[in-house]
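Student: sequence-free structure coming up:
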Ligand SMILES: NC(=O)c1ccc[n+]([C@@H]2O[C@H](COP(=O)([O-])OP(=O)(O)OC[C@H]3O[C@@H](n4cnc5c(N)ncnc54)[C@H](O)[C@@H]3O)[C@@H](O)[C@H]2O)c1
Ligand SMILES: O=C(O)CC[C@@H](O)C(=O)O
């Protein structure tokens, strides 16, 4: 029985893919797999039993990825699975930033009397707004979400400028050629009426938008952060808004100091909170983790290379090792010395670590256990696992 631990609400449509005969959910503190959303895993112990962590979502800043890598734990995420939900919320926030409809709705709710219609017509001028058409939107980070926001903002009639020096080839193809590419991020800050940020939180994106960057913006500019709180310096935003040097800020990340300010809208991290996004993310997270547990195949990992190989032999040995010379030679030699025949083998490296799958034509579990012991005793090998091929192919 494979033990899985979950944190946060993982959509049942995803969890249903873990068959009851093979998977026990939240029955052990020594799980092989963890599935989570925004839970800060830095605050929990990571038992040695854990082989893989799957984030049903994109951002992995709530997972100690470096520690996982050192321990040979493979971390997966589901980029793109919730992108449409975030895009729709960004577009809604852009529209709300120019149309004070929420104030109008709330005002009307407290109107009394038989002349509600007349009062509404008489007061509606307080709630007049502006239009997005013809205004310029800057999109920082043209990944799954940024690309969708850029394309749809263009369809709404906005002029769109994007900035992403690391854009992937696939995403680049999906972006309309009408979206201008900025060579420098400062072009976005100095020229746009609306600026939205869609980059991952990393050391180099911490406070990507701070006092200096806000100072470059138009006083009439509106800023949107649906990426991660720490990417924008919230104190600098408050100072700029209070000095009339920034017109508005919308963020999806709660921060006490941002509450109860005019021109600041704070949402309770709702970007991915749609039934569709939660289902998509859970299905993909469960599928990748299950495939890894059952076959050793790695897809959509943020810390190990993608490695796939059809599984036809009776047993598969999976090995995580430091990416140093002659590891494959040593692995093959240990297996050959035990007189085990290798059917198939694949090895991929990524930065300081590498992953190897070795399919063996051997059924003698005692011989296999002996090989595993020798491999585990080899310098620079971090983790060794044996997987028995299941009767029903995955
Ligand atoms: N609010 C929410 O609920 C919610 C939901 C999903 C994702 N997110 C956040 O949004 C982020 C983006 O999500 P995504 O699905 O588009 O991810 P993605 O990986 O598809 O795209 C991120 C893009 O940012 C670019 N990038 C990285 N560093 C950059 C920099 N310094 N300047 C410009 N571009 C840079 C990358 O090249 C990539 O194209 C996630 O990392 C996550 O933190 C939030
Ligand atoms: O799980 C969520 O609700 C949010 C997920 C989102 O922040 C992400 O990074 O994908």
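Tutor: Happy to help now that I have it. All values reported here derive from a predicted model rather than from experimental measurement. Ligands and ions are numbered 1, 2, ... in the order given.
Student: Chain neighbours aside, what residue packs nearest to the residue nearest the centre of the chain?
Tutor: Centrality entry for the chain: nearest residue to the mean C-alpha point is residue 58, 1.0 Å, by CA atoms, centre = their mean. Once flanking residues are discounted, residue 58 sits nearest to residue 79: 5.1 Å by CB to CB, 6 or more residues apart in numbering. (Each C-beta comes from the backbone N, C-alpha and C, glycine too.)
Student: which SS class is that neighbour?
Tutor: The local conformation at residue 79, judged by DSSP: H, G, I helix; E, B strand; the rest coil, is coil.
Student: Next, the contact list for whichever residue of the chain sits closest to ligand 1, please.
Tutor: Relative to ligand 1, the nearest point of the chain is residue 143 (1.6 Å; CB to the nearest ligand atom). Listed by CB atoms under 8 Å, 6 or more residues apart in numbering, the contact partners of residue 143 are 79, 164, 167, 168, 171, 198, 199.
Student: so how far is residue 292 from it?
Tutor: As judged by CB to CB, to the nearest Å, residue 143 and residue 292 stand 23 Å apart.
Student: same check, this time on residue 380
Tutor: 22 Å.
Student: more crowded one of these two?
Tutor: residue 292 (25 against 14; other CB atoms under 10 Å).
Student: ok so the more buried one is a helix residue?
Tutor: Yes: using three-state DSSP, the assignment for residue 292 is a helix.
Student: where in the stretch 201-350 of the chain is pLDDT low?
Tutor: Within the stretch 201-350 of the chain, no stretch has pLDDT under 70.
Student: and the chain, which residues reach ligand 2?
Tutor: 37, 38, 57, 58, 59, 82, 271, 272, 273 (CB under 6 Å from any ligand atom).
Student: Can you spell out which helices and strands pack onto the helix or strand in which residue 152 is found?
Tutor: Using DSSP states H and E, residue 152 sits in helix 144-155. Packing partners of helix 144-155 (3 or more CB pairs under 8 Å, 6 or more residues apart in numbering; DSSP states H and E): helix 83-98, strand 136-140, strand 159-163, helix 169-174.
Student: any idea how far residue 286 is from residue 199?
Tutor: 27 Å.
Student: Comparing the two, which residue is more hemmed in?
Tutor: Set residue 286 next to residue 199 and count neighbours by other CB under 10 Å: residue 286 wins out with 26 against 20.
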